[in-house]
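**Q** no sequence on this one, just coordinates:
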């Protein structure tokens, strides 16, 4: 029975909420985990105690608070939907609170490290030009990896130097792109034989995937001997931090990143504050 409810919920998220395929996949994964936990227990019999037991199971699996909060957020939306559509009389998630999230400041690269990363692409063949164009575009626009993979040639205005991006919830936004990144894209497009609509292709001539781009960025992070702990997403963090360090206002950075809430962008102000404190500690005679 729960499978039928999951399908109805998935259709609701796709059609009415316009969620992306990636988000839908995450929701299905989280709900499948809960389905396996329930076993033979009917969804109608799920109560506060059942959910508390599930929370204990998640903690026993050594999941961090962020992952647990995501699972609970999914269930909260799921049960709210079932209650609203009268599939369930009560919403058992009402009194379930999420664990406090650990506050971690996102890592970012220095401007010199970004230059070293991009310059680590030495090859001038088609794949080398593609990799350089990916790194240049990623850092120039600050888009998400999924948005980068989804870029089509028609999305790029080479004259106006802007890129049309389709973000979370299939929301559209326009993002500026620098001349260096545009030049790298042109060099790549001029070199490759196939010219389908996708900007970045894999070795088989198909649109590159999110995973493919992550692999490419990770490869050059290793080649450039960038310090430990950074990930492909670090380049997006670096984009935001460098803009704020050079005087950009928070609202503009929010729009560029495609954040729905300003609070999501505000984490980067902590990074710039830490930088200022570091400068102060080094420079002030009585720090």
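**A** Looks like it arrived, so ask away. Treat the numbers as computed from the prediction; the structure is a model and nothing was measured.
**Q** So for the protein, the centremost residue is which one?
**A** Nearest to the centroid of the C-alpha atoms of the chain, with distances taken as Cα atoms, centre = their mean, sits residue 144, at 5.3 Å.
**Q** okay, and for the protein, where does confidence drop off?
**A** 101-106, 169-170, 228, 260, 262-279, 284, 286-287 (pLDDT under 70).
**Q** need the strands for it, in chain order.
**A** When assigned using DSSP state E, the strands of the chain occupy the ranges 156-157, 162-166, 172-176.
**Q** on that earlier part again, what residues are up against the residue nearest to the centre of the chain?
**A** 167, 168, 236, 258 (Cβ atoms under 8 Å, 6 or more residues apart in numbering). The C-beta positions use only the backbone N, C-alpha and C, and glycine is treated the same way.
**Q** Which pair of those spans the longest distance?
**A** 168 and 236 (13.5 Å; Cβ to Cβ).
**Q** Between the two, which is the more surrounded one?
**A** Taking other Cβ atoms under 10 Å, residue 168 and residue 236 do not tie; residue 236 has more neighbours (22 against 16).
**Q** Can you name the residues that contact the more buried one?
**A** Contacts of residue 236 (Cβ under 8 Å, 6+ apart): 138, 142, 143, 144, 145, 257.
**Q** how about JSON lines for those, with distance to residue 225 added?
**A** Listed next are those as JSON lines, based on distance: Cβ to Cβ, whole Å:
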{"residue": "138", "distance to residue 225": "19"}
{"residue": "142", "distance to residue 225": "24"}
{"residue": "143", "distance to residue 225": "26"}
{"residue": "144", "distance to residue 225": "26"}
{"residue": "145", "distance to residue 225": "22"}
{"residue": "257", "distance to residue 225": "28"}
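**Q** By neighbours, which of the residues you listed wins?
**A** Counting by other Cβ under 10 Å, top hit in the contacts of residue 236: residue 138 with 27 neighbours.
**Q** That residue and residue 214, how far apart?
**A** 11 Å (Cβ to Cβ, to the nearest Å).
**Q** repeat for residue 191
**A** Counting by Cβ to Cβ, the gap from residue 191 to residue 214 is 23 Å.
**Q** Kindly report the same for residue 132.
**A** 17 Å.
**Q** Between those two, which is the more surrounded one?
**A** Neighbour count, other Cβ under 10 Å: between residue 132 and residue 214, residue 132 has more, with 23 against 15.
**Q** Please report the distance of the residue nearest to the more buried one when sequence neighbours are not counted from residue 133.
**A** Spatially, and ignoring its direct neighbours in sequence, residue 132 is nearest to residue 121 (4.2 Å; Cβ to Cβ, 6 or more residues apart in numbering). As judged by Cβ to Cβ, residue 121 and residue 133 stand 9 Å apart.
**Q** same deal with residue 157?
**A** 16 Å.
**Q** Residue 210: neighbour count?
**A** Other residues within reach of residue 210, judged by other Cβ under 10 Å, total 16.
**Q** That one contacts residue 22, correct?
**A** Yes: between residue 210 and residue 22 a contact is recorded at 7.4 Å, counting by Cβ atoms under 8 Å.
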